[in-house]
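Chemist: compute the structure for the input listed below.
(4 chains)
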Protein chains: 4
Amino acid sequence: MIRVGIVGATGYTALELLNILLRHPEVKVTQLTSRDESCPPLSAVHPGLRERLDLNFSPLEIDTFSAQVDCAFCCLPHAASAEIVSQLLAKGMKIVDFSADYRLNDVETFETWYQVRHPDAQRVGKIAYGIPELFRDQIKIAQLVANPGCFPSSALIPLAPLLKKSLIKASPIIVDSKTGVSGAGRTPNLKFHFPECNESVTAYGMGTHRHMPEIDQIVRRFSGVNISTTFTPHLIPMDRGILSTIYLQPQSGITTEHLFAELSEFYSDEPFVRVTGQIPTTKDVAHTNFCDISVGQCRDMTVIVSVLDNLIKGASGAAVQNFNVMFGLPETLGLL
Amino acid sequence: MIRVGIVGATGYTALELLNILLRHPEVKVTQLTSRDESCPPLSAVHPGLRERLDLNFSPLEIDTFSAQVDCAFCCLPHAASAEIVSQLLAKGMKIVDFSADYRLNDVETFETWYQVRHPDAQRVGKIAYGIPELFRDQIKIAQLVANPGCFPSSALIPLAPLLKKSLIKASPIIVDSKTGVSGAGRTPNLKFHFPECNESVTAYGMGTHRHMPEIDQIVRRFSGVNISTTFTPHLIPMDRGILSTIYLQPQSGITTEHLFAELSEFYSDEPFVRVTGQIPTTKDVAHTNFCDISVGQCRDMTVIVSVLDNLIKGASGAAVQNFNVMFGLPETLGLL
Amino acid sequence: MIRVGIVGATGYTALELLNILLRHPEVKVTQLTSRDESCPPLSAVHPGLRERLDLNFSPLEIDTFSAQVDCAFCCLPHAASAEIVSQLLAKGMKIVDFSADYRLNDVETFETWYQVRHPDAQRVGKIAYGIPELFRDQIKIAQLVANPGCFPSSALIPLAPLLKKSLIKASPIIVDSKTGVSGAGRTPNLKFHFPECNESVTAYGMGTHRHMPEIDQIVRRFSGVNISTTFTPHLIPMDRGILSTIYLQPQSGITTEHLFAELSEFYSDEPFVRVTGQIPTTKDVAHTNFCDISVGQCRDMTVIVSVLDNLIKGASGAAVQNFNVMFGLPETLGLL
Amino acid sequence: MIRVGIVGATGYTALELLNILLRHPEVKVTQLTSRDESCPPLSAVHPGLRERLDLNFSPLEIDTFSAQVDCAFCCLPHAASAEIVSQLLAKGMKIVDFSADYRLNDVETFETWYQVRHPDAQRVGKIAYGIPELFRDQIKIAQLVANPGCFPSSALIPLAPLLKKSLIKASPIIVDSKTGVSGAGRTPNLKFHFPECNESVTAYGMGTHRHMPEIDQIVRRFSGVNISTTFTPHLIPMDRGILSTIYLQPQSGITTEHLFAELSEFYSDEPFVRVTGQIPTTKDVAHTNFCDISVGQCRDMTVIVSVLDNLIKGASGAAVQNFNVMFGLPETLGLL
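Modeler: Just a heads-up that it's a prediction; the model follows:
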């Protein structure tokens, strides 16, 4: 059994992670940390887990934690995460980091978008980006994996193979994303107060969302071109799910059918990406680690729709998939 | 008092219309027709209206109806509507038609998209299109007004003034719309069965939605150019509201700020269009006749967000606004 | 025109009140106060009201306020309210108070349930309770009206007439209420964070909800008996609406049909209470000032269902109805 | 591996069952039947299962089905089910029947409430009722198990142990239940059309719901007394979940604390029933096979709250739990 600890285990991604790990045959959860010094019992924070796991929250103590943990899932906010991650890495454990700290390859870009000094700048640019379908070889040998953002996953899984083969134009690439509210985390805020966002849709973060440089980076890596993607997220009155509608144009001579065929082929052996002839719904993939993709057309635009569960394929499911790859386990363990 | 009849009064737009008309100081509702021959009492069909209006449904009889009605609101499906409208027009009454029958100016386009012969083809192309902010002069003198589609209203109110002044490029113009479920009408269907569409988002009608030629027609009229807009609607788990995210590019030398200024100026005296510096939400305009518009930017794209209530500004509110214009009444009567 | 001011105008009941008052032909809103000293523009707090009312928030200054206001609607929390209300009453204006401060007739009961000293104890017990259908005569001549709680309104409107005529037994009387989330107010809190309460139902405040003594007091007043009602509220994933399912037993010799007949008769001339043969839904009365009531039976229990919109008949609509009564205006003004 | 077939596999309970069975290590799904003769592929009916199971729907042919199936889960409507079940039993296979056909012990009661002749009357009264926590011994040796109704499960799990020990009075026992819309099945119907039931609560089936005699039967079996429970279901705008609020009175000398202790003790070794000091929410148990129970008090009433997921512990999870018991497997297999 691999002993697993979760750092910062009070939020939604940690809850989802626990739900997956409790079904995982090779995992034993041994540590749950919280910055709340009252050390509440697990069921006080996550009532759905009552009687599931005999473990209380404890404050993070690096030595105790390291002695009991082979792999840490780190669910802290950006900057706070890298400070801890660097200490835990020194103890030799493997880590999947949910924060943005190691996703971007460039310290300056990170510091511009996140408005904070990076606490572990020397590691930036050397860390595997945790989309196994795209970076499995790096993840296999990694001690630390940067778990990707939920929006970037939904955009990059369909875009990367097409850009790699230069099948689509560099512009326009427009990603219009719709997300459930759990993507905003568990801290109360007027914007996510039920009567504010229920029965309502809005756009937000226009031109300023921090997932943009993350999308750009991978788009550029696969295309070799300095593409700047237009990305607009929208808040939808539902718990979970992301649907990204991606507008793009095939290169001359390439058709929408070619793009569909390329994606089908690229993902034919992947257990968690399904390229389909029907337009998928977020409900098709809710509570699963799947990313479903359709490829359609409207006028002169190819319109790709990709859906995933922001808490699973967009966060905790991807994290366990990365964990499985890092430990040489079957990639679907705990996830199917 | 103007005597009003509603033809086909069992659906959501009719219910909304009745809610508005019951507050309208110049209106008396005298006829409600339904194809259901059992002539149910109003409250059996619309329980929220119990004790509000002492009127039962009756089958439509042209003569009886005409004798009691000065203005008809016609809420029938396409093709069924034009058959009745042509008969009612002959009786001299004014009509606001909610169907698509008189929106398109070209019979062939209508018959291609709606796959049915037009029952009143000779009138096609001569009917005022019911967005008062754009076509008030024609509406003022019209006997028949074609009430616009909900998606076209949300797209055209922001686009028309910009196209008219040639401030934006003809391509790309992408309209990514999100709509509440009431837009699909009141007939039960698996797609709109609560557990299917709740907690889910999907795209639909990609490249085939019947509101596309309607958007095209007005876009072309204002621009003078043969533009084909890319339009993708999405179904959102909420009752009402449309948010359209519109991606476009200003003409060279024009900035996003210019576009905002132009829209602000164009709509400065309009009571129901509010151009705003905040990104609006559909909840801001729910249960109102407002269309709120913001103008933002992401990378090289201008991103306009427009919101309206699909049942009000997108249907019954616009219809009453048209009615007010047609009868020379203050345009906000019953609506503010 | 009656000049109206709203004290504490940032929450949901104030927003709803403004929506009603802006349609009220005899009202001019002249003052909006907030404890936020930055004095934000109205549309920053209530974006749906942009361009509707040219008025900013201001801090409450008793003299300025009194000079511009004939009637105040006071939307402050308990205890805070009575402190202001007593000062405003001294200026001679009429007041509808939304707080619980003047609802209970007994200072000790108030202080026990609300755990705070009453700042205006001498007035307690002399104030009209604002359900016009039950206390119209007192409201007519009142300078101050205590607007009732939303749950008490939904329980008392059906119960009071039956208790008055001794048609039902004193026990059991069980009120099982279901409420939308807006009833919890606008202050962010984990319990009302969208992903916590969406797709979920729970009971709360069991045996401890502060609306219990309010229900008791009126139940006892009408029955003359020392009844203690069992009341359990439940939180429902919707914006607005209360449905109370009331279980009770008729006195011997009385049938459920008698109870239905009595309620029908009692409310036959009331514009806002509809006794109906169908089980009503909260949607039937959403966005209206109606309270709909059905009377059914299951086994040896009579089961009364009452529905109302917690923000309207349960708060701001009732407040305007009270205002209309206090100023001798038609009771439905602004509300139908 | 146990070969499993699902009869009538197009609805929500079948989908949920498939989701569970695909994770079950001892099960291979070999047959899916539908009355739709077009034999659609699985993913056309349940798009979320695309690429999960290489099996199409087929019409039910008793011989083919029997040759490939060791255990059938029968998801047909009442009456239709018993006709098939009796034929499949003759082939020697084990069956979990989701319909009401074998739940009631009395043919006349069945025929009165379901208004249809029972097609397999001779078996009625001899079939194990599938709540393993209450009837495990019968289920162990059964060839056929009647899977219980969702509301009865939520009421009986808390009530049975208290009645068995005569700790509570026979009257009043009031079960006020709130259910998500998936409980109504997958057939489109105006009542469950999204814009009808979203943002609304209503009561239904008052005094007439078919789960009443089922509750009565077990209540009487455990109490030995002829109790008639008052039961009112309510429709809640959410996908899944039942919360039952149960009002009752302890026998003289018994306290609410005793009832809590008794339930805690009774269920202390059960893996799927959690008796808790917090009031549970339906979200705590969504997508799980748990039934969580709290015991509280309001005035002279004990108020028990029980929650479960109507599609899992209220249907398909319970069915797999029964299956595990019937085949001597660990009871939690596939379910934790």
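
Chemist: separation between residue A:198 and residue A:236?
Modeler: Using CB to CB, to the nearest Å, residue A:198 is found at 10 Å from residue A:236. All C-beta atoms are positioned from the backbone trio N, CA, C, and that covers glycine.

Chemist: neighbour-wise, which of those two wins?
Modeler: Per other CB atoms under 10 Å in any protein chain shown, whichever of residue A:198 and residue A:236 has more neighbours is residue A:236, with 29 against 25.

Chemist: show me what contacts that one?
Modeler: Counting by CB atoms under 8 Å, 6 or more residues apart in numbering or on different chains, residue A:236 touches A:178-181, A:201, B:178, B:201, B:236-237.

Chemist: hmm, which two among those residues are most spread apart?
Modeler: Within the contacts of residue A:236, A:181 and B:178 form the most distant pair, 14.8 Å apart (CB to CB).

Chemist: and the two? Which one has more around it.
Modeler: Applying other CB under 10 Å to residue A:181 and residue B:178 shows that residue B:178 carries more neighbours, namely 28 against 24.

Chemist: bridging residues for that one?
Modeler: Note on residue B:178: beta-bridge partners residue B:234, residue B:243, judged by DSSP bridges.

Chemist: let me see the contact set for it.
Modeler: Going by CB under 8 Å, 6+ apart, residue B:178 touches A:178, A:201, A:234, A:236, B:201, B:233-234, B:236, B:242-245, B:282.

Chemist: check residue A:62 too.
Modeler: Going by CB under 8 Å, 6+ apart, residue A:62 touches A:87-88, A:91.

Chemist: got TSV for those residues, with pLDDT, distance to residue D:220 and neighbour count too?
Modeler: TSV is the format used below for the contacts of residue A:62 (pLDDT from 0 to 100; distance: CB to CB, whole Å; neighbours: other CB atoms under 10 Å in any protein chain shown):
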residue	pLDDT	distance to residue D:220	neighbour count
A:87	98	64	14
A:88	98	60	24
A:91	98	63	14
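
Chemist: turn these into CSV, columns for secondary structure and distance to residue A:221.
Modeler: Listed next are the contacts of residue A:62 as CSV, based on DSSP: H, G, I helix; E, B strand; the rest coil; distance: CB to CB, whole Å:
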residue, secondary structure, distance to residue A:221
A:87, helix, 29
A:88, helix, 27
A:91, coil, 31
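
Chemist: of those, which is the nearest to chain C?
Modeler: Relative to chain C, the closest of those is residue A:88; by CB to the nearest CB it sits at 28.6 Å.

Chemist: does chain B sit close to the helix or strand where residue A:262 lies?
Modeler: Element membership of residue A:262 [criterion: DSSP states H and E] is helix A:256-266. No: using CB under 8 Å from any CB of the partner chain, helix A:256-266 stays clear of chain B, coming no nearer than 9.9 Å.

Chemist: counting by contacts, list what that helix packs against.
Modeler: helix A:150-164, strand A:273-275, strand A:291-298, strand A:301-308 (3 or more CB pairs under 8 Å, 6 or more residues apart in numbering or on different chains; DSSP states H and E).

Chemist: that one vs strand A:301-308, what angle?
Modeler: 30 degrees (axes from the mean of the first three to the mean of the last three CA atoms, to 10 degrees).

Chemist: measure how far helix A:256-266 is from the centre of its chain, please.
Modeler: Computed by CA atoms, centre = their mean, to the nearest Å, the chain-centroid distance of helix A:256-266 equals 24 Å.

Chemist: coming back round to it: now distance to residue C:62 too, for the contacts of residue A:62, in a markdown table please.
Modeler: As requested, the contacts of residue A:62 are exported to a markdown table (distance: CB to CB, whole Å):
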| residue | distance to residue C:62 |
| --- | --- |
| A:87 | 58 |
| A:88 | 59 |
| A:91 | 64 |
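
Chemist: of those, just say which sits nearest to chain D.
Modeler: Closest to chain D, out of all of the contacts of residue A:62 and judged by CB to the nearest CB, is residue A:88, at 29.6 Å.

Chemist: so what's the residue nearest to that closest one when sequence neighbours are not counted up against?
Modeler: Among residues not flanking residue A:88 along the chain, residue A:72 sits closest, at 5.4 Å (CB to CB, 6 or more residues apart in numbering or on different chains). Counting by CB under 8 Å, 6+ apart, residue A:72 touches A:4-7, A:65, A:88, A:93-96.

Chemist: tell me which of these fall in helices.
Modeler: With DSSP state H as the criterion, helices contain A:65, A:88 from among the contacts of residue A:72.

Chemist: taking the contacts of residue A:72 together, which two end up most distant?
Modeler: Comparing all pairs in the contacts of residue A:72 by CB to CB, the longest separation belongs to A:65 and A:96, at 15.0 Å.

Chemist: when those two are compared, which one has more neighbours?
Modeler: More crowded of residue A:65 and residue A:96, by other CB under 10 Å: residue A:96, with 27 against 22.

Chemist: neighbours of the nearest residue to that one once chain neighbours are set aside, how many?
Modeler: Nearest-residue entry for residue A:96: residue A:319, 4.6 Å, with adjacent residues in sequence omitted and distances by CB to CB, 6+ apart. Using other CB under 10 Å, residue A:319 has 26 neighbouring residues.

Chemist: part of a strand, is residue A:319?
Modeler: No: applying DSSP: H, G, I helix; E, B strand; the rest coil, one finds residue A:319 to be helix, outside a strand.

Chemist: so it makes contact with residue A:98?
Modeler: Yes: the pair residue A:319 / residue A:98 is scored as a contact, 6.6 Å apart, by CB atoms under 8 Å.

Chemist: common neighbours of these two, please.
Modeler: Listed as contacting both residue A:319 and residue A:98 by CB under 8 Å, 6+ apart are A:13, A:73, A:147.

Chemist: so the first one sits right up against residue A:76, yeah?
Modeler: No: under the contact definition of CB under 8 Å, residue A:13 does not touch residue A:76, with a separation of 10.8 Å.

Chemist: okay, these two: which has more neighbours?
Modeler: Between residue A:13 and residue A:76, counting by other CB under 10 Å, residue A:13 is the more crowded of the two (27 against 21).

Chemist: near chain D at all, the helix or strand harbouring that one?
Modeler: Here residue A:13 sits within helix A:12-21, counting by DSSP H and E. No: Helix A:12-21 lies out of reach of chain D by CB under 8 Å from any CB, never closer than 8.5 Å.

Chemist: now do that helix: which elements does it pack against?
Modeler: strand A:2-7, strand A:27-33, helix A:317-326.

Chemist: surely the residue nearest to residue A:88 is in a strand?
Modeler: Yes: Residue A:72 forms part of a strand when assessed by three-state DSSP.

Chemist: quick one: name the residues of the stretch 101-250 of chain A near chain D.
Modeler: For the stretch 101-250 of chain A, the contact set with chain D under CB under 8 Å from any CB comprises residue A:199.

Chemist: around chain B, pick out the residues from the stretch 101-250 of chain A.
Modeler: Going by CB under 8 Å from any CB, the residues of the stretch 101-250 of chain A near chain B are A:171-172, A:174, A:176, A:178, A:180, A:196, A:198-204, A:206-207, A:228-232, A:234, A:236-241, A:243, A:245, A:247.

Chemist: at 6 Å instead, please
Modeler: A:172, A:174, A:176, A:178, A:199-203, A:206-207, A:228, A:230, A:232, A:236-238, A:243, A:245, A:247 (CB under 6 Å from any CB of the partner chain).

Chemist: quick one, which of the residues you listed are buried?
Modeler: Buried members of those, counted by 16 or more other CB atoms under 10 Å in any protein chain shown: A:172, A:174, A:176, A:178, A:199-203, A:206, A:228, A:230, A:232, A:236-238, A:243, A:245, A:247.

Chemist: and the residue lying farthest from the centre of chain A, helix, strand or coil?
Modeler: What lies farthest from the middle of chain A is residue A:253; by CA atoms, centre = their mean that is 33.9 Å. Here residue A:253 is coil, with the state taken from three-state DSSP.

Chemist: mind listing what it touches?
Modeler: Listed by CB atoms under 6 Å, 6 or more residues apart in numbering or on different chains, the contact set of residue A:253 is empty.
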